[in-house]
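*Asks:* Task: produce atomic coordinates for the following.
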Amino acid sequence: MKIEDIDIYNLPIWACAIVDEISEKCKKELKNSPEYSRILKESDELLFKYPFISALIDRDEIEEPMKLSVKKARALSRFLALDADREDYERIQLYLMGCRHTLEMLLLLEIL
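*Replies:* Just a heads-up that it's a prediction; the model follows:
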């Protein structure tokens with residue numbers, strides 16, 4: 001089996017558990033980052049202050065148009081920017097953890 005033959009959208013239960021565990025380790029390591037913690041804190045504050053943002057991101061059924069004030073539109077814009085930053089941090093951390101795991105495997109296999 002080649003790595004490109006793995007269907008990431010149809011993983012067995014054990015593989016999903018591994019992905020979940022790695023994701024949790026990633027978030028745990030990122031909590032030591034002051035910048036990542038600041039992003040989470042500010043995002044949580046915006047969600048608490050502006051409940052309509054939660055309705056939008058949770059894909060709640062919206063049945064009528066929303067009228068957003070400039071203040072609310074700025075809050076939504078800020079939240080989306082913070083969320084993109086959070087995802088970037090998580091993506092980079094996962095990449096770095098993968099590099100670390102690869103290096104550990106290479107050392108165990110005595111390839112390096």
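*Asks:* contacts and neighbour counts: CA atoms only from here.
*Replies:* OK.
*Asks:* In this structure, where is pLDDT below threshold?
*Replies:* In the predicted model, the chain carries pLDDT under 70 at residues 1, 112.
*Asks:* need the contact list for the residue most central in space within it.
*Replies:* Centroid-nearest residue in the chain: residue 87, 4.3 Å away (criterion: C-alpha atoms, centre = their mean). Neighbour list for residue 87: empty [criterion: C-alpha atoms under 8 Å, 6 or more residues apart in numbering].
*Asks:* burial measure for residue 79, as a count.
*Replies:* Look at residue 79: counted by other C-alpha atoms under 10 Å, it has 20 neighbours.
*Asks:* buried sites along stretch 44-64?
*Replies:* Within stretch 44-64, the residues that count as buried by 16 or more other C-alpha atoms under 10 Å are 46-47, 52-53.
*Asks:* and residue 85, what element?
*Replies:* Using DSSP states H and E, residue 85 sits in helix 70-108.
*Asks:* So which bits of that helix are buried?
*Replies:* For helix 70-108, burial by neighbour count (16+ other C-alpha under 10 Å) applies to 72, 75-76, 79, 82, 85-86, 89-90, 93-94, 97.
*Asks:* try stretch 17-26
*Replies:* Buried residues in stretch 17-26, counted by 16+ other C-alpha under 10 Å: 23, 26.
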